[in-house]
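A.B. asks: turn this into a model:
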Amino acid sequence: MVRRLRRELYRLGGVDLWMATAASAIAVLMIVAASEAQAQTFQVLHTFTNGDDGGSPAVGLTMDRAGNLYGTAQYGGTGNCTGGGSNIPGCGTVFKLSHRGSGWTFTPLYSFQGWNPRDGAYPKSRVTIASDGSLYGATLFGGLLEECFPGCGTVYRLQPPASICNSVSCQWKETVLYRFTASPDGNDPTGDLTFDASGNIYGTTFNGGGYSNGTVYEISPSGGGWNESILYNFTGGLVGAAPNSGVIFDASGNLDGTATEGGENDFGTVFQLTPSSSGWIGNALWDFSENQDGYEITAGLILDSAGNLYGATADGYPNGQAVVFELARSGGGWSYLPLYGIEGLYGAGPQGKLLMDSAGNLYGTVYGGYETMSPHGSVFKLTPSAGGWTYTDLYDFTGGSDGAYPYDGLVMDADGNLYGTTSGGGNPGCLYGDGCGVVFEITPN
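C.D. replies: Next up, the predicted model:
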């Protein structure tokens, strides 16, 4: 029952995530001492109103080559999703932030309409930019009402208007590539989409599939349309269950990801799918154990140039330590290396992917929680130092106009500026007083 409740909270991505009551904090995992918060320049680029612009973004941003930012907001927009399993107006939006001189211009690109046109609702994945400028993403709900109300989710494509539009609010054209049906193909698609060289799309569903524990799927262009195939059905066994953050390709063509549940200890896994002549074979690269390796992993993975994997857990033992870790290639296998433990978070640790810069520094966000050491969330940096890692607190959110609860990771521009979103804070009159979130920038001094 506890795990089913936690899964539901992950799926909905609400402000009150599963967490325990904080205890007194003691020593961190690594011996390297954390540095004090450094002075950074922080500014809010946009404050969401839950109107046409959207509200409560649950994922981070995507940056194009020109430095423009694209993102999704879970709620708001012009669609009407009330009564479809939600009392929150709006079905979500896709938006763009463009540089204009020294400032930024916010442009809504698309508002999901929800149940009636079956175009999707409540996007909970970052958009992926194709070479032609089209955007691809997934919605948590919407699609086929006949299969699972309020819909099992969709994969969509957005294309810019065919002709020049002089209005700020020109809507892009949406095409639904696939509508999920829960069984056998999965439901509740979450996490980033991944493309291969042939233009096929890969992703994960949090629920559904042959065993109701989620899937890894592929969507391929075919005859002017798209076909979906299931690469892997999670059974809830040793490979894991309930993947939350998509998959990535490694240099060998394997698909790597994280599962929030399952594994030998039922605290989640880092899993790998390997292609074979008979299909994809799944195995766990690491089983989390509620020990000093951490647990409650919702964040996805990143790769370094040597093929090592990096990720973070939201909780851990002792004292709620969220663990930033590396899985390093070692003798044909993998070695788990805990890099740093962020104490006193109790399930409110990093929920999204880490970011690595060209110098090998890692950046991430702490979600935050009411009774933790980071009540409204924070942004951090980990720097390799003398055989360990030094933790720097770059910014602590206050829950006011600066935002609260960053649910996903960050992107960085060529000048080293960091960009991200918060799911709460900002406008105090928005979404029952919790705030509808902001887009923010952190400039290093």
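A.B. asks: how about residue 291, secondary structure?
C.D. replies: Taken by DSSP: H, G, I helix; E, B strand; the rest coil, the conformation at residue 291 corresponds to coil.
A.B. asks: so it touches residue 313, yeah?
C.D. replies: No. Using Cβ atoms under 8 Å, residue 291 makes no contact with residue 313, being 11.2 Å away. For the C-beta atoms, the positions are set from N, CA and C on the backbone; glycine is no exception.
A.B. asks: neighbour count winner among those two?
C.D. replies: Set residue 291 next to residue 313 and count neighbours by other Cβ atoms under 10 Å: residue 313 wins out with 28 against 13.
A.B. asks: once you drop chain neighbours, what's closest to the more buried one?
C.D. replies: residue 294 (3.1 Å; Cβ to Cβ, 6 or more residues apart in numbering).
A.B. asks: what about that neighbour, how many residues close to it?
C.D. replies: Neighbours around residue 294, by other Cβ under 10 Å: 28.
A.B. asks: what does residue 238 give?
C.D. replies: 14.
A.B. asks: and what of residue 303?
C.D. replies: Neighbours around residue 303, by other Cβ under 10 Å: 15.
A.B. asks: now stretch 424-436: average pLDDT?
C.D. replies: The average of the pLDDT scores along stretch 424-436 is 88.
A.B. asks: how about stretch 272-289?
C.D. replies: 96.
A.B. asks: touching that stretch from outside, list them.
C.D. replies: With contacts defined as Cβ atoms under 8 Å, 6 or more residues apart in numbering, stretch 272-289 is touched by 216, 231-232, 234, 238-240, 247, 250, 253-257, 263-265, 267-271, 293-295, 297, 309, 313, 327, 334, 336.
A.B. asks: buried sites along that stretch?
C.D. replies: Buried residues in stretch 272-289, counted by 16 or more other Cβ atoms under 10 Å: 272, 273, 280, 282, 284, 285, 286, 287, 288, 289.
A.B. asks: lowest average confidence, helix or strand, in this structure?
C.D. replies: helix 2-12 (a mean of 51; mean pLDDT, DSSP states H and E).
A.B. asks: can you name the next helix or strand after that one?
C.D. replies: strand 40-47 (DSSP states H and E).
A.B. asks: I'd guess residue 393 is in a strand, am I close?
C.D. replies: Yes. Residue 393 forms part of a strand when assessed by three-state DSSP.
A.B. asks: was I right about it contacting residue 377?
C.D. replies: No. Applying Cβ under 8 Å, one finds residue 393 not in contact with residue 377, separated by 11.2 Å.
A.B. asks: tell me where the stretch 101-250 of the chain is predicted with low confidence.
C.D. replies: Where the stretch 101-250 of the chain drops to pLDDT under 70, the residues are 164-169.
A.B. asks: got the domain ranges for this protein?
C.D. replies: 38-56+354-445, 62-233, 253-348 (automatic domain parsing).
A.B. asks: and the end-to-end length of the second one?
C.D. replies: According to Cα to Cα, to the nearest Å, domain 62-233 extends 29 Å from its N-terminal end residue to its C-terminal end residue.
A.B. asks: which residues in the stretch 251-400 of the chain form strands?
C.D. replies: Applying DSSP state E, counting those that start in this stretch to the stretch 251-400 of the chain gives strands spanning 255-261, 269-276, 279-287, 302-303, 309-312, 322-330, 333-342, 355-356, 362-366, 378-385, 388-396.
A.B. asks: scratch that, the stretch 101-250 of the chain is what I was asking about
C.D. replies: 103-111, 121-123, 128-129, 135-141, 154-159, 173-179, 187-195, 201-207, 215-222, 225-233, 241-249.
A.B. asks: could you identify which of those is most buried?
C.D. replies: strand 121-123 (a mean of 31; mean count of other Cβ atoms under 10 Å).
A.B. asks: each with direction, which strands does that one pair with?
C.D. replies: Neighbouring strands of strand 121-123 in its sheet, by DSSP bridges, are strand 135-141 (antiparallel).
A.B. asks: how far off centre is the partner strand?
C.D. replies: Remark: strand 135-141 is offset 12 Å from the chain centroid, using Cα atoms, centre = their mean, to the nearest Å.
A.B. asks: ok and that strand relative to strand 201-207, angle-wise?
C.D. replies: 10 degrees (axes from the mean of the first three to the mean of the last three Cα atoms, to 10 degrees).
A.B. asks: about what we covered before: what would the buried residues of stretch 272-289 look like in JSON lines with distance to residue 156?
C.D. replies: Formatted as JSON lines, these follow (distance: Cβ to Cβ, whole Å):
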{"residue": "272", "distance to residue 156": "28"}
{"residue": "273", "distance to residue 156": "24"}
{"residue": "280", "distance to residue 156": "25"}
{"residue": "282", "distance to residue 156": "27"}
{"residue": "284", "distance to residue 156": "31"}
{"residue": "285", "distance to residue 156": "31"}
{"residue": "286", "distance to residue 156": "33"}
{"residue": "287", "distance to residue 156": "34"}
{"residue": "288", "distance to residue 156": "33"}
{"residue": "289", "distance to residue 156": "38"}
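A.B. asks: returning to what we had before: next, work out how far apart the residue nearest to residue 313 and residue 317 are.
C.D. replies: 8 Å (Cβ to Cβ, to the nearest Å).
A.B. asks: repeat for residue 351
C.D. replies: Residue 351 sits 19 Å away from residue 317, going by Cβ to Cβ.
A.B. asks: got the contact list for residue 97?
C.D. replies: 45, 46, 61, 68, 69, 70, 71, 104, 105, 106, 107, 439.
A.B. asks: ugh, wrong one, residue 292
C.D. replies: Residue 292 neighbours (Cβ under 8 Å, 6+ apart): 29, 316, 317, 318, 321, 323, 338, 341.
A.B. asks: go on, residue 195?
C.D. replies: 128, 130, 136, 201, 202.
A.B. asks: ok, back up a step: nearest to residue 221 among the contacts of residue 97?
C.D. replies: Of all the contacts of residue 97, residue 70 has the smallest distance to residue 221: 22.0 Å, by Cβ to Cβ.
A.B. asks: quick check: the closest one touching residue 94?
C.D. replies: Yes. Residue 70 lies in contact with residue 94 (Cβ under 8 Å); the separation is 7.2 Å.
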